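Trainee: Provided below are the primary sequence and the corresponding predicted coordinates.
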Amino acid sequence: MINSFSYWEQKSFLSGFDVLIIGSGIVGLFAALSLKSQKPKLKIGVLEAGFLPGGASTKNAGFACFGSISELIEELKTGSEDEIAGIIEMRWRGLKKLRESLGDRAISFEQYGGYEVFKSSETDFANSCIEQIPYFNKFLGSIIGKTDIYAVNNAKIAEFGMNGITNMIKNKYEGQIDTGKMMSALLSKVQGMGIAIFNNCRVQKIESNSNDQVLITNQGTFKASAVILATNAFGKELIPKLDVVPGRGQVLITEPIKGLKIKGSFHYNRGYTYFRNIDDRILLGGGRDLNFEAEQTLDPGITDIIQNYLEKLLNETILPEQKVKIEHRWSGVMGFGKEVKPIVEKIQPGLYCAVRCNGMGVAMGSLLGEQVAMLIDL
């Protein structure tokens, strides 16, 4: 297909790149921003396989979070305190960078707080998490500069009007964003700096020679001195050795609800299920723990088992005795691995990657983009 382009297109749009970035999600675009800010003369291109970013950057739930109590307990089973503290710090710093770079107004950031909810059948589980509140307030205190992060807030249960919830832990420093506005603002900022973004351009193969990295795509061949792979869950398609496993997150959103009482970001079942308010609606997602194997896929789509579970939770627990219509359903693909720590590294001369956000792309994406940009020496 390269021969179908004109001389002008090849000269001005498709050649002379210093850096090419694969993936126009949060990580890829922040890598581009960081590189262009450090070295304005660099010619940078971003190649995106989809019409919009195809993973989770435009499909996530918009949680500006760094971990509920039960999630942090689980993460501490996978690494030392120092390792997990480092990861939490990355999330906190990443959220700060995202807000500072784009502005709270542009991304509709609201710090309504986050809530971890427990059903009446989970009293022992709830108590075990509540007992850990002092520990985690101290553990995270040095990271975010606050020591009153988590607290029991059962008084809010009645206010929110939920049914069957008997315990609730609030994280007062958690927030939420409008994912669409965030990505729109980020794309505008990147393009405003003269960085080219090529959509519907799927990279099929990466080849290396002594001077360049060569990207074979469905639109032709691109060359650059350096290439950054920022496709998160999709990274393994091009670099099979990467320890990245896809995890599809299914989501639904209701029609607008008059007098909606729920406000905040809510976590349930160790973070596998989550819901929030947005535009007088309830956005509800998760449930991949019901069928891990089936949800370890790069394919978009929804399944009856998970959608039925989400609807039941919505109708019986979140909005009991309310007849609410589901207006839309979708899914996004996250990247996970054996370790919670993301992969940011030089794979070989001229080829770099920043992948495996472990479901925390909104929090970590900006920082991972900056980190991988710092590895490149041109």
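Mentor: Received it, and whenever you're ready, just let me know what you need.
Trainee: Confidence-wise, which helix or strand of this structure is lowest on average?
Mentor: Least confident element among the helices and strands of the chain, by mean pLDDT, DSSP states H and E: helix 7-12 (a mean of 88).
Trainee: Using CSV, write out every CA atom in the next helix or strand after that helix.
Mentor: The C-terminal neighbour of helix 7-12 among helices and strands, as given by DSSP states H and E, is strand 17-22. Provided in CSV are the C-alpha atoms of strand 17-22 (Å, rounded to 0.1, in the frame of the first residue of the first chain):
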residue,chain,number,x,y,z
PHE,A,17,10.7,10.1,12.1
ASP,A,18,13.0,10.1,15.1
VAL,A,19,10.6,8.2,17.3
LEU,A,20,7.5,6.2,16.5
ILE,A,21,5.1,5.2,19.3
ILE,A,22,2.8,2.2,18.9
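Trainee: Pull up the pairing partners for strand 17-22, direction included.
Mentor: Paired neighbours of strand 17-22 in the sheet (DSSP bridges): strand 44-47 (parallel), strand 220-229 (parallel).
Trainee: From the rest of the structure, what touches the next helix or strand after the first one?
Mentor: To tie it back to what came earlier, the one meant is strand 44-47. Toward the C-terminus, strand 44-47 is succeeded by strand 63-64 as the next helix or strand (DSSP H and E). Residues outside strand 63-64 that contact it (C-beta atoms under 8 Å, 6 or more residues apart in numbering) are 95, 98, 109, 111, 114, 174-177, 265, 274, 276, 362-363. The way it works is simple: take the backbone N, C-alpha and C, and place the C-beta from them, glycine included.
Trainee: Which two of those have the greatest separation?
Mentor: L98 and Y274 (18.6 Å; C-beta to C-beta).
Trainee: which of the residues in stretch 239-255 are buried?
Mentor: The neighbour-count check on stretch 239-255 (16 or more other C-beta atoms under 10 Å) flags I239, L242, V244, P246, G247, R248, G249, Q250, V251, L252, I253, T254 as buried.
Trainee: Ramachandran angles for the third one?
Mentor: Note on V244: its backbone torsions stand at phi -130, psi 130 [degrees, to the nearest 10].
Trainee: cool, the fifth one as well?
Mentor: Backbone torsions for G247, taken as degrees, to the nearest 10, come to phi -140, psi 110.
Trainee: re earlier: check the contacts of strand 63-64 for burial and list the buried ones.
Mentor: With neighbours counted by 16+ other C-beta under 10 Å, those contain buried members at 95, 98, 109, 114, 174-177, 265, 274, 276, 362-363.
Trainee: quick one: which of those residues is nearest to V344?
Mentor: Distance to V344 across those (C-beta to C-beta) is lowest for A363, with 14.7 Å.
Trainee: The closest one and G332, how far apart?
Mentor: In this view, A363 and G332 are 15 Å apart by C-beta to C-beta, to the nearest Å.
Trainee: Same question for I195.
Mentor: From I195 to G332 the distance is 24 Å (C-beta to C-beta).
Trainee: Likewise for I206?
Mentor: For I206, the distance to G332 equals 24 Å [C-beta to C-beta].
Trainee: same deal with Y112?
Mentor: Distance of Y112 to G332, given as C-beta to C-beta: 22 Å.
Trainee: Looking at these two, which has the bigger crowd around it?
Mentor: More crowded of Y112 and G332, by other C-beta atoms under 10 Å: G332, with 23 against 15.
Trainee: So that one sits against P246, correct?
Mentor: No - counting by C-beta atoms under 8 Å, G332 does not reach P246; the two are 10.3 Å apart.
Trainee: coming back round to it: switch the strands paired with strand 17-22 over to TSV; also include mean pLDDT.
Mentor: Shown next, in TSV, are the strands paired with strand 17-22 (pLDDT from 0 to 100):
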stretch	mean pLDDT
strand 44-47	98
strand 220-229	96
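Trainee: Of those strands, flag the one that's most buried.
Mentor: Using mean count of other C-beta atoms under 10 Å, the stretch among those with the largest mean neighbour count is strand 44-47, at a mean of 24.
Trainee: Contacts only, for the residue nearest to M193 when sequence neighbours are not counted.
Mentor: Among residues not flanking M193 along the chain, K36 sits closest, at 4.9 Å (C-beta to C-beta, 6 or more residues apart in numbering). If a contact means C-beta under 8 Å, 6+ apart, then K36 has L42, I44, M193, G194, I195 as its contacts.
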